[in-house]
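*Asks:* sequence first, then the predicted structure:
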Amino acid sequence: MKPQQLRAGHPTGSADLASRHGVDADVPFIDLRAVNARFDFGEALAGVLDSGICLRGPQVAAFEREFSKWLGVQYCVCVGNGLDALRLTLQSWMTLGVLAPGDEVLVPANSFVASALAVSACGLTLRFMDVDAATFNVSAKTVAAARTDRTRVVMPVHLYGQIADMENIAAMCRAEGLLLLEDAAQAHGARSGRRSAGTFGNAAGFSFYPTKNLGALGDAGCMVTDDPELAERVRALGNYGSAEKYRHEFEGLNSRMDELQAAVLRMKLQRLDTDNDRRRQIAGSYQTRLSHPWVQPPPQPSDSASHVWHLYVVRTTDRAGLAAHLAANGIETIVHYPCAIHRQPFYRDEFSSVRLPVTDALQHEVLSLPLSPVMSDAQVDRVIAAVNSWPGRGSQSVPAES
């Protein structure tokens, strides 16, 4: 897809944004050039070139130490991307005898497809959960509604940067002997009390895709855990199933973060908290100043630290109309996500009878507004003014509950 084909309201994912060579809109959804221009990556590249080590070197080891300490977890294992972080964790549990083919994994259907693909790739049974209408996240209630006697793993997604109902979900998993795998790909730095997203369960997967709150310059990810045996197995499986060179004990794959990405992430980690604070500031402006009766902002979390606003997602029954109005005003928007996972072509035949009322409604009503740490106050003002000036179509407002 050519850069000029990416327009506001076009149902593309963040993968397309990261591949753009230019910024078309006056207020782009995210300006990666401006995000990355704040860092001197030449020093990082020079250091990697001088070391002569491209993979599994000192930069990766240093980032693993620094990120695990920043999160408050014992082990961090860098892998190729966020999907592999989830897939390798599930695969590791299978090789360790904790899971068996056919065991059931609960996944929210209101998420990016990677959450489900990790389960399918391992020969495990995928079961979809609906989400809470207020938060768009799973809750203990939606987990309980989806669980069966075959359920062995619960995989909450901290969608849009907001921590899910983790205290209650974690308590349920402990009581019922279920594994808890967090998909924290969008929630770098979200915290509840003293705990960070990614530290509530048995393990968690992070993505460092370029558009994330903590983004690399290409694909990258990691798995975090307090379980040393799991960490060791994930590392081996991501290195062709080998813990010792040329000795392959498992059917693994090639999933390793390179030294340059690790060096970049080490630099960006130092200002992640500051960037997240700016995201909260922008979201706060949206929350208090968006006033269109047909546009429903997301609810404000009771604990501001629990949300890092990776995305700011509003609801409207005339999404196409709002997106077109904003595009005409030079403002780029994206839909996350225009097709729920259980309605995707790859899954829809198998799950054609599944009814998830909230998720099924959201896929037609959500629209993501621009939000990034490099947005200016003037750009924020422009988005707010454009939304509030939308003539609108129809007469139905989005209900608070579905």
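*Replies:* That came in fine, so what should we check first?
*Asks:* alpha carbons only for contacts and neighbour counts from here, please
*Replies:* OK.
*Asks:* is it true that Gln162 touches Val313?
*Replies:* No - if you go by CA atoms under 8 Å, Gln162 and Val313 don't touch, sitting 11.7 Å apart.
*Asks:* quick one: which of the two has more around it?
*Replies:* Between Gln162 and Val313, counting by other CA atoms under 10 Å, Gln162 is the more crowded of the two (29 against 22).
*Asks:* how about the nearest residue to the more buried one, chain neighbours excluded?
*Replies:* Once flanking residues are discounted, Gln162 sits nearest to His307: 4.2 Å by CA to CA, 6 or more residues apart in numbering.
*Asks:* now that neighbour. Its backbone dihedrals?
*Replies:* phi -130, psi 130 (degrees, to the nearest 10).
*Asks:* how about the contacts made by it?
*Replies:* Gly161, Gln162, Ile163, Ala187, Ala190, Arg191, Arg280, Pro301 (CA atoms under 8 Å, 6 or more residues apart in numbering).
*Asks:* for those, which one is nearest Thr95?
*Replies:* Nearest to Thr95 out of the contacts of His307 is Ala187 (CA to CA; 28.3 Å).
*Asks:* and the closest residue to that closest one other than its chain neighbours, how many residues sit next to it?
*Replies:* With sequence-adjacent residues excluded and distances taken as CA to CA, 6+ apart, Ala187 is closest to Gly161, at 4.1 Å. Neighbour count for Gly161, taken as other CA under 10 Å: 25.
*Asks:* and the residue nearest to Gln162, how far from Ala197?
*Replies:* 10 Å (CA to CA, to the nearest Å).
*Asks:* so what sits against both of those two?
*Replies:* Joint contacts of His307 and Ala197 (CA under 8 Å, 6+ apart) are Ile163, Ala187, Ala190, Arg191.
*Asks:* can you give me the strands for the stretch 251-400 of the chain?
*Replies:* With strands called from DSSP state E, counting those that start in this stretch, the stretch 251-400 of the chain shows them at 312-315, 366-369.
*Asks:* just name the most buried of those.
*Replies:* Ranked by mean neighbour count under mean count of other CA atoms under 10 Å, the strands of the stretch 251-400 of the chain are led by strand 366-369, which reaches a mean of 26.
*Asks:* tell me how far that one lies from the chain's centre.
*Replies:* 15 Å (CA atoms, centre = their mean, to the nearest Å).
*Asks:* packing partners of that strand?
*Replies:* Where contact means 3 or more CA pairs under 8 Å, 6 or more residues apart in numbering; DSSP states H and E, strand 366-369 is packed against strand 312-315, helix 319-328.
*Asks:* swap the cut-off to 10 Å and go again
*Replies:* strand 312-315, helix 319-328, helix 377-388 (3 or more CA pairs under 10 Å, 6 or more residues apart in numbering; DSSP states H and E).
*Asks:* having no further points to raise, I will conclude here.
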